[in-house]
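Q: fold the following and give me the result.
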Amino acid sequence: MQSFIEGLPKVELHLHIEGTLEPELMFKLAERNRVQLSYKTIEEVRKAYQFNNLQTFLDIYYQGAQVLQNEQDFYDLAWAYFSKAHSQNVRHAEIFFDPQTHTARGIPFETVISGLRKAQEDAEQKTGLSSRLIMCFLRHLSPEEALDTLEEAKPFRKWITGVGLDSSEQGRPPALFQKVYEQAEAAGFLPVAHAGEEGPAEYVWEALQLLKSRRIDHGVRSTDDPELIQYLIREQIPLTVCPLSNIKLRVFQTMKEHNLRRMLQMGVCVTINSDDPAYFGGYMNENFLAAQRDLELTKDELVKLSANAIKASFIDENARQVLTAELNEYYRKNV
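A: I've put the predicted structure just below:
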């Protein structure tokens, strides 16, 4: 099963590029940019990656982002992710980035996106891995600040496929950001949103109805509302589920308790993703392996998860057909 998963063509739809900052690169960039870290060694950083909830993770996540200061840093960050993803047979990735994490420190929006964009171009040219960028608004900040960020993004519209909503979910309902989402959609950005991770199923409804979200990032609390689950099945709204993240942040206490397989068997369009892999212990292969082992996923179900991700992606129809054909051929040869 491990070799089957390693060879499986994959599409990743829920990946925070700042969350791919491995301790080794963090220390390298800190030294290059003369940033003083509160950790003395790589081992000390890794030991700190024990989280009680989303907020304890975010505290370390934002601290690590301090080392990202110039275009080369963002290029190096993204290139490291693309190299890892390519080694795990990821064919396409739709990547979140958090400009407010950087502009609040005085880093220009253009610096952030130019480094990411160059890495995207190199990855596609050198490895064939295609990608899209999705700009997230930080929900712990004000809706007014999100509107300012949207304005900063507009000159780079051709480089940014969509907008998302991330950071602390509790007490920050999607409804707060309805106005900025309406303006983003009018400007041509495709809407997605984090909802139903630590927040209730009601937040998923708000993301769908008020933000017009095309996908729900996480969404595991949807099973708390039978009417919502039936809606997700009927409309085939994708959920970008992140198994290892959910365990690391105590959304579920163990992988055996995770509702991924149950939702898949019910007909929900669920997908597997890595979220913030440097912090949560694994990229795509590790997430697939952990979910397969503890939930006893079959090969058919693993292929279905990959097919769902292709269907849920924002690629054009020609690219979708190419990826689907590759997945079908892999299935034919290996199942």
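Q: next one: the helix or strand that contains Leu228 to chain centre, how far?
A: Using DSSP states H and E, Leu228 maps to helix 226-235. The chain centre lies 23 Å from the centre of helix 226-235; the measure is C-alpha atoms, centre = their mean, to the nearest Å.
Q: who does that helix touch, helix- and strand-wise?
A: Under the contact criterion of 3 or more C-beta pairs under 8 Å, 6 or more residues apart in numbering; DSSP states H and E, helix 226-235 touches helix 201-209, helix 260-266. (C-beta placed from N, C-alpha, C; glycine too.)
Q: just the angle between the longest one and helix 226-235, please?
A: Using axes from the mean of the first three to the mean of the last three C-alpha atoms, to 10 degrees, the direction of helix 201-209 lies 30 degrees away from that of helix 226-235.
Q: how far does helix 201-209 sit from the chain's center?
A: That offset, for helix 201-209, works out to 19 Å (C-alpha atoms, centre = their mean).
Q: let's have the chain start at 498 instead
A: Sounds good: first residue 498 from here, last item helix 698-706.
Q: what helices and strands are in contact with it?
A: strand 690-692, strand 713-715, helix 723-732.
Q: pull the residues that contact that helix.
A: With C-beta atoms under 8 Å, 6 or more residues apart in numbering as the test, helix 698-706 has contacts from 662, 666, 670-672, 690, 692-693, 710, 713, 716, 718-722, 725, 728, 734.
Q: and the buried ones among these, selectable in ChimeraX?
A: This is the ChimeraX syntax for the buried subset of the contacts of helix 698-706, where burial follows 16 or more other C-beta atoms under 10 Å:
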select :662,666,670,671,690,692,693,710,713,716,718,719,720,722,725,734
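Q: quick revisit: give the next helix or strand downstream of the helix holding Leu725.
A: Next along from helix 723-732, by DSSP H and E: strand 736-738.
Q: packing partners of that following strand?
A: strand 507-513, strand 713-715, helix 757-763, strand 767-769.
Q: spell out, range by range, the strands that occur in the stretch 598-747 of the chain.
A: 627-635, 659-663, 687-688, 690-692, 713-715, 736-738 (DSSP state E, counting those that start in this stretch).
Q: the ones you listed: which one's closest to Glu826?
A: Closest of the strands of the stretch 598-747 of the chain to Glu826 is strand 627-635, at 18.5 Å (criterion: C-beta to C-beta).
Q: and that closest one, what's its mean pLDDT?
A: Mean pLDDT, strand 627-635: 98.
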